Each structure stands twice: as structure tokens, then as C-alpha cells.
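Student: A predicted structure for the sequence below; I have some questions about it.
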Amino acid sequence: MNRIAKTNEVETFVATNMLAVTADRIFTQGKDASNNAIGTYSAGYIKQRIRLNYPPSGKVILQATRQMANDWSVISAGNVLGLGFKNSANADKSEFVESTYDKDIFKHTKEELKQIDLLIGKKIKQLLNG
């Protein structure tokens, strides 16, 4: 196997593993890149969510329609892989949400960066040992 194929294999391994981790943090736990709550919905908006059969939680989880959560993907950005949105409207929404709450949401947490390092080491060891 050539080096480029192995590099892509490492990137794919890391990106696919981190996709689930970041999706859970953002769209289920409602946490930003500092591991703090993204925000809290207003009482009026919570009432509206209840009328639409959403849970009565005030925790911002960015999935009223699940469109953003479903679109959060491993994407190719030139010659590297990363996490992001395939649909540009969702990418625009992500920027709007970060601006609205004045928080980095879609960046990795410190813990996630440590996990990435471990995943890279694990995959390289697998590739080197066959």
C-alpha cells in the first residue's frame, strides 16, 4: 500500500470515529467546544417546542428539524478530510448559531483533541504492524 493510501486510511479512521463523538456532544448533549452548554431556550420557545411534540427541555441542542444533525458528516476539504456539513445552508446555520451564542461549537474540545491523538497513534500502529 502506498503512503497516500495509508494517510487517507488514517484520516478516514479518525474522522469517522470523531463524527459520532462530536455529533453526540453538539446535537444530544448540547455542549460547545469548551464543554459548556450551548445555551438555553426561552420559556416562550419551550412552549412552542412542546406544541410541536419536542421534549420540554430548555437545553439548546440544534436539532429542531434534525437537518443539521443529519447533515453533519465526514467531508473532503481539498486534500484532507474533516467534519462539516455537505449542505451549504447548514454550514451557514452553524455560523449563525456560533455568532448568536458567541461560542465555538463545531471545533473540537480539548478532550476530543486528545482522543484524536490516541486514534492516530492506534491506526498508525495497526498499519505498521500489518
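Tutor: Looks like it arrived, so ask away. It should be emphasised that the depicted structure is a prediction, and the values quoted were computed from it without experimental measurement.
Student: contact partners for residue 109?
Tutor: By C-beta atoms under 8 Å, 6 or more residues apart in numbering, residue 109 lies in contact with 25, 31, 33, 34, 35. For every residue, glycine as well, the C-beta is placed using N, CA and C.
Student: pLDDT score assigned to the first one?
Tutor: Yep, that's residue 25 we're talking about. Looking at residue 25, its pLDDT is 97.
Student: now swap in the fourth one and tell me
Tutor: What the model reports as pLDDT for residue 34 is 98.
Student: which ones are touching it?
Tutor: 103, 104, 109 are the contacts of residue 34 under C-beta under 8 Å, 6+ apart.
Student: same check on the last one?
Tutor: With C-beta under 8 Å, 6+ apart as the criterion, the residues that contact residue 35 are 25, 109, 111.
Student: A strand includes it, no?
Tutor: No. Assigned with DSSP: H, G, I helix; E, B strand; the rest coil, residue 35 falls outside any strand and is coil.
Student: quick one: it from residue 104, how far?
Tutor: 11 Å (C-beta to C-beta, to the nearest Å).
Student: next: the fourth one.
Tutor: The gap separating residue 34 from residue 104 is 7 Å, by C-beta to C-beta.
Student: check the second one too.
Tutor: Spatial separation of residue 31 from residue 104 under the definition C-beta to C-beta is 11 Å.
Student: who has more neighbours, those two?
Tutor: A direct count of neighbours by other C-beta atoms under 10 Å for residue 31 and residue 104 places residue 31 higher, at 19 against 12.
Student: how about the closest residue to that one other than its chain neighbours, what does it touch?
Tutor: Using C-beta to C-beta, 6 or more residues apart in numbering and skipping the chain neighbours, the partner closest in space to residue 31 is residue 25 (5.0 Å). By C-beta under 8 Å, 6+ apart, the residues touching residue 25 are 31, 35, 109, 112.
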